[in-house]
Structures are given as structure tokens and as C-alpha cells.
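Peer 1: no sequence on this one, just coordinates:
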């Protein structure tokens, strides 16, 4: 059993200490105990969310289960290896010297969403590491030693202020240096401060908000405000009222939205192993293929609270080859483009990502400035995405004239590191 205090917005676990909290949304205030047990009255995990979000079709049509993919889970505690959700699976929980690990239902639930018996990537291997106080380093280093491909982080600042900090800068360093894919929950403070928490504020971290599988519209508790740092969330994903086999109650919060995305990333990595060691490609594909409302006009940048839209693993797989990428070494000039024939009435979503330089000190994090252009055959600029504050560009565009268009990715300023690896992904609706 795990004791926790429900404070109206999150569960705060004793072992997590003050620096961090877990992003499980709790609507009422009371003292509770959670028990891990089998209960046939509870539906299999995400019985509506898996098919509703397209996961079930992808698993069946592409024959993917996350096999051969290693998923790291960094949290305030470790998962329960003895839970029935992990029977017959490769699940490893770190046993640290001089540290008493705490088994948490929250971690167990997150892992169940990612790769439990009724989860998303049911054949992935999972590695669970516990945060110790304010230090994520030992857990991350252990996960890297296990050679994980992607790390899920369903936790954040206990009192977020929306400001990019060393916690995120360290994760940016890890992603840039080791090319590890990092997925994080943005937090559940939407009804209060609304600030996005670290480490989801990382430039090289994919920040996830919460929505329903039926709609990309985010829930109000999903955090969105950034005072200093990149725009977040990147996308939203199902994370509300999930019932999980072999765990009591329902689970809501960006913690489980992040886990949902991580499970889908494991499916992507099995289907396209070349995506491993390329966070920028994974992030671009997830962003460019997000579910949006009907696109009737041009839009540049992420929307407040919704990001690029809701997770659509169906669109990701259908458009997984609609990318172009490269390595930039020139510090003064670079341009790469493709030509696309687009008919009137169609719309397009485009996302470009590249990794920021980081050394763990928030003051030293920086990224090169690149721009994204759409040009018609005249040639004239149809749309320009020129954000200088983010290490990504995103736009939505409605085609009103059939033509051959050029989609161009251009260096806009002096490079801050060499080489830079980038990826541009696009989806024509």
C-alpha cells in the first residue's frame, strides 16, 4: 500500500520529497490508501481509448507491439514488478545501494499504460528508476546504462513557475549528447497557476498535455503557461478517467497522457528502428501528424494549451515516410527543400525539429535558428514560420490553389553547434 495526500490537484508522495510531484489529477481532497489487487469489475486498461485513438488498428494492421524497444521510466518511485500487468514481461526495477526504493501505484499505472498486458507496447522492455530527492542524474545514468531508447517522465516541479531551469537543462543535455527520446508530462496546474513544470520545459523534451481520445481539445487542468522557455505542450494525448487492469480506481492526469505517447513511440521505434537515436525525427512526426480541428485557414506555431493537437498514431504511421532530414555543418548557409504537388481543398501540417545545445546549466542552453517556408511556383512565399524562441517550427495551411509547392528548411542565423541534425515532417490532409 502507498499512502498519499490528495490535495485537489495532485498526489504528493512522501518519498518524492519537495522538489517533485507526480501528475495524477485528483478532483477531491481526502486521505486515501491505494491497494493493488485484481478486480473483474474494472474494464481492461483503456478499452475505449486504445481503439478510439487508433492504437488498436495500428497494432493489428502493422503487427507492432514494441518488441525490441527499451523504455525507461523515471519517477518518484518504482513500479511493482509483481503486479499481474507485468506477468511474463521484461521489467527491471533499479535497486540502489543505500536507498530504500518505494513501490508506487502511480509508477505501476504509468508502466501499465506504456507496456502492461493491456497496454500499448505490450512487448517492450521496461526499466524503472527512482528519483532521489532533487537529483535525476543517478536515475538517468542507470537508464542510459540499460541502453533505453526512450524515457518517460510523469513528474515535475512541486511548485512550478513556468521557468526553464537546470532540471530541464540537464534533460536537454542528455537528449543532445546521447540522442535519447524524452517524453514528459506538462503538469496539472491548469486550474491554478497554469504553469508548465520542469522537466517538460526542456527544449529537447517532448511535453504532453491531457485530452480525451474523442477530441484533441485539452482538459482544463492540463498546464500551458510558460514564463521562460519553449512553447508547451507539444501535443495532447488521452489521459482522463483511464481504468487499468489490476489497479483500483480510475486514473487521470498528464502523467498518463505522457505514458500514452511513450507507448506509441515504442511502436514507432519497432516499426522504424532508424528513428532510434533521432529524437528530432520522432518529435517532428508526432507534431506534424497531430489531430486538429478542420483546418480552414493558415496558422503558425503551437496553440495555447493544445499544442499542435491531439495524438494521432494512425496519422503518424500513415505518414511515417513523409519526412526529410539532414545534418548541417555549414555555419553560414544551409537550405534543403522538397517539391510537393497539392490540390486545392487539401490542408497541410508541417513540423521541423532540431536539438538544442545544453550542458546542464540553464543559462548556457541555446539553439540555432532555422526557418520553414512554403513557396508556390511563381515563386512567391505562401507561408513563413520564423520562430526564434523555439528549436522547432510548426504550421497549418489550407490550399486554395492547386500547384507545385516547395517546402524549404533554411538556416536563419549562425549555428551554435556543429553538426546539427534536423527533421521536417509533413502531413497532407
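Peer 2: Received the coordinates, thanks. Computed from a prediction, not measured in an experiment: that's the story for all the values here.

Peer 1: Who is residue 407 paired with across the strands?
Peer 2: Beta bridges link residue 407 to residue 338, residue 374, judged by DSSP bridges.

Peer 1: er, residue 218 I mean
Peer 2: Beta-bridge partners recorded for residue 218 (DSSP bridges): residue 211.

Peer 1: In contact with it, which residues?
Peer 2: Neighbouring residues of residue 218 by C-beta atoms under 8 Å, 6 or more residues apart in numbering: 190, 209-211, 224, 233, 236, 305-306. Yep, even glycine has a C-beta here, placed from its N, CA and C like the rest.

Peer 1: Out of these, flag the one nearest to residue 378.
Peer 2: Nearest to residue 378 among the contacts of residue 218 is residue 306, at 33.3 Å by C-beta to C-beta.

Peer 1: Please name the nearest non-neighbouring residue to the closest one.
Peer 2: Spatial nearest neighbour of residue 306, excluding adjacent residues (C-beta to C-beta, 6 or more residues apart in numbering): residue 218 at 5.3 Å.

Peer 1: And that neighbour, what's its pLDDT?
Peer 2: Residue 218 carries a pLDDT value of 87.

Peer 1: Identify, from the contacts of residue 218, the entry nearest to residue 168.
Peer 2: When those are compared for distance to residue 168 (C-beta to C-beta), residue 233 wins out at 14.0 Å.

Peer 1: That closest one contacts residue 209, correct?
Peer 2: Yes - using C-beta atoms under 8 Å, residue 233 is in contact with residue 209, at 3.7 Å.

Peer 1: Mind listing the shared neighbours of these two?
Peer 2: Common neighbours of residue 233 and residue 209 (C-beta under 8 Å, 6+ apart) are 186, 218, 222-224, 305-307.

Peer 1: Dump these into CSV; add secondary structure as well.
Peer 2: Listed next are the shared contacts of residue 233 and residue 209 as CSV, based on DSSP: H, G, I helix; E, B strand; the rest coil:
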residue, secondary structure
186, coil
218, strand
222, coil
223, coil
224, coil
305, coil
306, coil
307, strand
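
Peer 1: Looking at those, which is nearest residue 384?
Peer 2: residue 307 (20.4 Å).

Peer 1: For that closest one, give me its contacts.
Peer 2: 207, 209, 231-236, 287, 290.

Peer 1: tally of neighbours for residue 139?
Peer 2: Neighbour count of residue 139, defined by other C-beta atoms under 10 Å: 24.

Peer 1: quick one: the closest residue to it other than its chain neighbours from residue 117, how far?
Peer 2: In space, residue 139 comes closest to residue 129 once its chain neighbours are excluded; the distance is 3.7 Å by C-beta to C-beta, 6+ apart. From residue 129 across to residue 117, the span is 22 Å (C-beta to C-beta, to the nearest Å).

Peer 1: Run a quick neighbour tally on residue 87.
Peer 2: 11.

Peer 1: How much space separates the residue lying closest to it once chain neighbours are set aside from residue 111?
Peer 2: Spatial nearest neighbour of residue 87, chain neighbours left out: residue 117 (6.7 Å); criterion: C-beta to C-beta, 6+ apart. According to C-beta to C-beta, residue 117 and residue 111 sit 11 Å apart.

Peer 1: More neighbours: those two, which one.
Peer 2: When neighbours are counted by other C-beta under 10 Å, residue 117 and residue 111 differ, and residue 111 comes out ahead with 32 against 17.

Peer 1: Just the local confidence number for that one, please.
Peer 2: Residue 111 is assigned 97 on the pLDDT scale.

Peer 1: can you pull the contacts of it?
Peer 2: 73, 79, 85-86, 91, 119, 126, 128, 259.

Peer 1: that older thread, out of the contacts of residue 307, which one sits closest to residue 335?
Peer 2: Nearest to residue 335 out of the contacts of residue 307 is residue 287 (C-beta to C-beta; 21.5 Å).

Peer 1: I'd guessed that closest one sits against residue 393; true?
Peer 2: No - the criterion here is C-beta under 8 Å, and residue 287 misses it with residue 393 at 9.8 Å.

Peer 1: Need the residues touching each of those two.
Peer 2: Both residue 287 and residue 393 are in contact with residue 351, where contact means C-beta under 8 Å, 6+ apart.

Peer 1: What distance do you get for the residue nearest to residue 406 when sequence neighbours are not counted to residue 339?
Peer 2: Nearest residue to residue 406, sequence neighbours excluded (C-beta to C-beta, 6+ apart): residue 375, at 4.3 Å. Per C-beta to C-beta, residue 375 is found 10 Å from residue 339.

Peer 1: With adjacent residues omitted, what lies nearest to residue 124?
Peer 2: Per C-beta to C-beta, 6+ apart, closest to residue 124 is residue 66, 3.3 Å.

Peer 1: Give me the neighbour count for that neighbour.
Peer 2: Residue 66 has 29 neighbours, counted by other C-beta under 10 Å.

Peer 1: still on that earlier bit, using CSV, lay out the contacts of residue 307 together with pLDDT, neighbour count and secondary structure.
Peer 2: Formatted as CSV, the contacts of residue 307 follow (pLDDT from 0 to 100; neighbours: other C-beta atoms under 10 Å; DSSP: H, G, I helix; E, B strand; the rest coil):
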residue, pLDDT, neighbour count, secondary structure
207, 98, 34, strand
209, 96, 32, strand
231, 98, 19, coil
232, 98, 29, coil
233, 97, 33, coil
234, 98, 29, coil
235, 97, 29, strand
236, 96, 31, strand
287, 98, 26, helix
290, 96, 27, coil
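
Peer 1: I'd like the residues you listed as TSV, with distance to residue 407 appended.
Peer 2: As requested, the contacts of residue 307 are exported to TSV (distance: C-beta to C-beta, whole Å):
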residue	distance to residue 407
207	25
209	27
231	21
232	25
233	25
234	20
235	21
236	25
287	15
290	18
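
Peer 1: Of those residues, just say which sits nearest to residue 98.
Peer 2: The shortest gap between residue 98 and any of the contacts of residue 307 belongs to residue 207, at 32.9 Å (C-beta to C-beta).

Peer 1: List of residues touching the helix or strand hosting residue 315?
Peer 2: Using DSSP states H and E, residue 315 maps to helix 313-318. With C-beta under 8 Å, 6+ apart as the test, helix 313-318 has contacts from 53-55, 57-58, 62, 264, 267-268, 271, 285-286, 289-291, 427.
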